[in-house]
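In: The amino acid sequence is not available; the structure is as follows:
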């Protein structure tokens, strides 16, 4: 009863202007109708006949006024035009959130805490004030926030942090005050309110102080947010702030992250294999697809893909199927869609037959070494169609989600990178500038192995890259590293490169038949998928790296 | 949904209400009489003949005996009656094209003040399509002696002739010509208008005028060429203008004949627009 009374009171307070205007309009219309009915029929006709013109004139005047008002006054700088979104109207349930089960579990706890806040308060616990959702873009932070709003059934106000920032200092803080004032009123009437601030890093980065006044507006806005979340107030309302950001936690201001403000952090990472399977299953239900599609295989191929990526892949595959005049989406379309998402659109630039052949040998070299030596990656596609400035590509993905990489994986990466160079050299006795990217990548990895990861044979252990590191102010200077140590490390790096090169040369010469077959197929088809690549290797009775590594040793 | 239906119902009600005439044709005479009595305390006789509504007002002391002009208070009453007649004519389902308000003094039988209006002019005026000055010029105003009125007064009868559109056009044009010669600062005092009357003679819209130049010697009056043409041309301009503003095309030619010098000017319907646009000259 009390809540109802409060809601009616709030409704009247919120809508008294609308109600007054509505009543006045009704009265005026009533008076106009009465006046019209008392007129003689000619004058009545005349009034009604001229009414459309008068309405048009009034509408034009109103438009001019609104235009002038918007351009001259802009409705007031601190105007906050944020409407309330009712939780039930968002209609995103937790069942709709797929592929991020851990984050979902943590968020569900939050929902339960919001729902059982009275019980919690009776025990003496403190209601959660803020939840910070962090993680890479496209992983469903906003979606999860919507699900929290739906499930908790309390009002939800959504804003982007960039909406607070203005050129004038104080405007953002003013908007923040208005936002929280509104949220508190709603919380009073409905027992709680969620304020969702997307892209929080726009106002949440570490505060800096400049004599030139740079960042004052952001600082002021952030200060106001801090005060609103855990400041001195007469009455504590149940306002829960959910912030979402892609920025790393350590770039955010410490004051925001302390308990009492964003005291719960939910890390929403890219989905795991199981999550990706669920996502593919979910999004594929929205398009007509081949029932025999191996969802597990798709999920394995989509390592490190976000839910947004997976949605995009399925959407793209439907578009490709439509363009190819197909009724259903098959593996081919999904594979093409993945390529498009990963590598961009194909554009067949002009290449001479000689160049094309050289590219084919280069890519075939990568493909053979990747297939036979790499312990962690699968070769999914070899292509001699140019994309994103590359004349060809050997596409590989991790076989499984490994969080660490060992020495073998690094070595295999280096060997795979060098394989293109070796293949060109074996075939033509010379090499092209197509190896520059491969060298850069392999050199970087060899360097890291030796300089940073202690994977060299010399016995030198430690991260030597900290010498002269300009980011870390406590780092030793570059001059403190002995020249002899540098020489040793560089020699070690080159030794790894040479060792890998030798191994690749031996293997490619030994398996040159496979290289030639791959080149022949590539020149004929331009692209080879995993199945076709695997068929060639099986034809030569070669299996993937796990077994073939014995072959090379 | 409910609101939409309510608005629709309201619109229907307003539209329906606006269709109902305030003064139904069966009660049109009583309506004018009641209005005049209620609003201006004047008893009037009302007759409808064809598409013309006539309103007759007996007003004692209509004319000022010294100046022979209509007294201002009498003029106010006439204006009020005209307004009442306008209201009824406009808001009735009876098709009325003209209304004529005839005012007479019972003590001076036969002398009448006649004012006639075209209803379409009224509508256009209310819709702002014509100016107040033009609206005033479109009223046919005449002070005349009518022997029939004496008979009617004796018999207590009111005889009304149905006004035709051609007659209205001719009378209005005659009135405009006379007014112009009297009020136009370039013409006033220089010409003497004795007579001006128009009619549709077969397919010729014929205007007979008797206009001469004042203050000139007799020889100049007879032999002077310039002003003869001026009069005819001026009259022709007025006739063409009135025919144009009413889109009156029920004629083949227009003739203006000046009885004073037996001179006439004739223009065919096809030549009117050319002449008005100064593309041809009259010799």
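Out: That came through fine. Just so it is clear, the model here is predicted, and its values are computed rather than measured.
In: For the helix or strand containing residue A:174, name the packing helices and strands.
Out: In this assignment (DSSP states H and E), residue A:174 forms part of helix A:171-190. Packing contacts for helix A:171-190, counted by 3 or more Cβ pairs under 8 Å, 6 or more residues apart in numbering or on different chains; DSSP states H and E, involve helix A:2-38, strand A:156-160, strand A:193-198, helix A:216-230, strand A:239-245. (Glycine included, C-beta is placed from N, CA and C.)
In: give me that answer again for 10 Å
Out: Applying 3 or more Cβ pairs under 10 Å, 6 or more residues apart in numbering or on different chains; DSSP states H and E, one finds that helix A:171-190 contacts helix A:2-38, strand A:156-160, strand A:193-198, helix A:201-204, helix A:216-230, strand A:239-245.
In: between it and strand A:156-160, how big is the angle?
Out: 170 degrees (axes from the mean of the first three to the mean of the last three Cα atoms, to 10 degrees).
In: Rounded mean pLDDT for helix A:171-190, please.
Out: Helix A:171-190 shows an average pLDDT of 83 in the prediction.
In: buried set for it?
Out: Neighbour counts over helix A:171-190 (16 or more other Cβ atoms under 10 Å in any protein chain shown) mark A:171-177, A:179-180, A:182-190 as buried.
In: Mean neighbour count and distance to chain B added to the helices and strands packed on helix A:171-190, as JSON lines?
Out: Listed next are these as JSON lines, based on neighbours: other Cβ atoms under 10 Å in any protein chain shown; distance: least, Cβ to the nearest Cβ, whole Å:
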{"stretch": "helix A:2-38", "mean neighbour count": "11", "distance to chain B": "6"}
{"stretch": "strand A:156-160", "mean neighbour count": "20", "distance to chain B": "28"}
{"stretch": "strand A:193-198", "mean neighbour count": "25", "distance to chain B": "30"}
{"stretch": "helix A:201-204", "mean neighbour count": "23", "distance to chain B": "42"}
{"stretch": "helix A:216-230", "mean neighbour count": "21", "distance to chain B": "39"}
{"stretch": "strand A:239-245", "mean neighbour count": "26", "distance to chain B": "35"}
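In: Rebuild the ones you listed as TSV, extending it with mean pLDDT and distance to residue A:347.
Out: Converted to TSV, the helices and strands packed on helix A:171-190 look like this (pLDDT from 0 to 100; distance: least, Cβ to Cβ, whole Å):
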stretch	mean pLDDT	distance to residue A:347
helix A:2-38	86	57
strand A:156-160	83	35
strand A:193-198	86	35
helix A:201-204	82	36
helix A:216-230	80	42
strand A:239-245	87	36
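In: Output those in JSON lines, with distance to residue B:137 appended to each entry.
Out: JSON lines is the format used below for these (distance: least, Cβ to Cβ, whole Å):
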{"stretch": "helix A:2-38", "distance to residue B:137": "33"}
{"stretch": "strand A:156-160", "distance to residue B:137": "69"}
{"stretch": "strand A:193-198", "distance to residue B:137": "73"}
{"stretch": "helix A:201-204", "distance to residue B:137": "74"}
{"stretch": "helix A:216-230", "distance to residue B:137": "71"}
{"stretch": "strand A:239-245", "distance to residue B:137": "76"}
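In: Looking at these, which is nearest to residue A:128?
Out: strand A:239-245 (6.1 Å; Cβ to Cβ).
In: Direction included, what does the closest one pair up with?
Out: Next to strand A:239-245 in the sheet, as set by DSSP bridges, lie strand A:130-134 (parallel), strand A:193-198 (parallel).
In: wait, which of the ones you listed is closest to residue A:62?
Out: Using Cβ to Cβ, the nearest of the strands paired with strand A:239-245 to residue A:62 is strand A:193-198, at 34.0 Å.
In: And the helices in the stretch 1-150 of chain B?
Out: Assigned by DSSP state H, counting those that start in this stretch, the helices in the stretch 1-150 of chain B fall at B:2-19, B:28-40, B:72-90, B:119-126, B:132-137, B:147-155.
In: Okay, angle between the fourth one and helix B:72-90 too, please.
Out: When the same axes, to 10 degrees is applied, the directions of helix B:119-126 and helix B:72-90 differ by 100 degrees.
In: any idea how far the residue nearest in space to the middle of chain A lies from residue A:474?
Out: Most central in chain A under Cα atoms, centre = their mean is residue A:137, positioned 1.7 Å from the mean C-alpha point. Distance, residue A:137 to residue A:474, by Cβ to Cβ, to the nearest Å: 32 Å.
In: Equivalent analysis for residue A:94, please.
Out: For residue A:94 relative to residue A:474 (Cβ to Cβ), the value is 45 Å.
In: can you list the domain ranges for the chain.
Out: Since no chain was named, I'll use chain A. Taking automatic domain parsing as the domain assignment, the ranges for chain A are A:2-73, A:87-267, A:273-343, A:353-552.
In: wait, I meant chain B there
Out: Split by automatic domain parsing, chain B gives B:21-163, B:173-276.
In: Now do the last one: distance from first to last residue.
Out: Think domain B:173-276. 17 Å (Cα to Cα, to the nearest Å).
In: any idea how far it is from the chain center?
Out: Centre-to-centre, domain B:173-276 and its host chain are 18 Å apart (Cα atoms, centre = their mean, to the nearest Å).
In: Do you know the pLDDT at the residue of the stretch 101-250 of chain B found nearest chain A?
Out: As assessed by Cβ to the nearest Cβ, chain A sits closest to residue B:126 within the stretch 101-250 of chain B, at 6.0 Å. Residue B:126 is assigned a pLDDT of 87 by the prediction.
In: Give the burial count for it, as a bare number.
Out: 16 (other Cβ atoms under 10 Å in any protein chain shown).
In: can you pull the contacts of it?
Out: A:42-43, A:45-46, B:86, B:90, B:135 (Cβ atoms under 10 Å, 6 or more residues apart in numbering or on different chains).
In: do the same with residue A:95
Out: A:104, A:147, A:151.
In: Can you show me the strands along the stretch 101-250 of chain B?
Out: B:111-118, B:140-145, B:191-201, B:204-213 (DSSP state E, counting those that start in this stretch).
In: how about the nearest residue to residue A:407, chain neighbours excluded?
Out: Of all residues not flanking residue A:407 in the chain, residue A:455 sits nearest, at 4.9 Å (Cβ to Cβ, 6 or more residues apart in numbering or on different chains).
In: Point out the residues in the stretch 51-200 of chain B that sit beside chain A.
Out: B:86-93, B:122-123, B:126-128 (Cβ under 10 Å from any Cβ of the partner chain).
In: What distance do you get for residue A:444 to residue A:496?
Out: 12 Å.
In: now residue B:272
Out: For residue B:272, the distance to residue A:496 - Cβ to Cβ - is 109 Å.
In: Between those two, which has more neighbouring residues?
Out: residue A:496 (24 against 18).
In: in the host helix or strand of the more buried one, what's buried?
Out: Using DSSP H and E, the element containing residue A:496 is helix A:483-510. When burial is assessed from 16+ other Cβ under 10 Å, helix A:483-510 yields the following buried residues: A:488-489, A:492-493, A:496-497, A:500-501, A:503-505, A:507-508.
In: again, but for stretch B:33-48
Out: B:33, B:35-36, B:40, B:42, B:44-48.
In: picking up where we left off before, turn the domains of chain B into CSV, including distance to residue A:310.
Out: Converted to CSV, the domains of chain B look like this (distance: least, Cβ to Cβ, whole Å):
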stretch, distance to residue A:310
domain B:21-163, 67
domain B:173-276, 75
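In: Which of these has the lowest mean pLDDT?
Out: Going by mean pLDDT, the lowest-scoring of the domains of chain B is domain B:173-276, which has a mean of 83.
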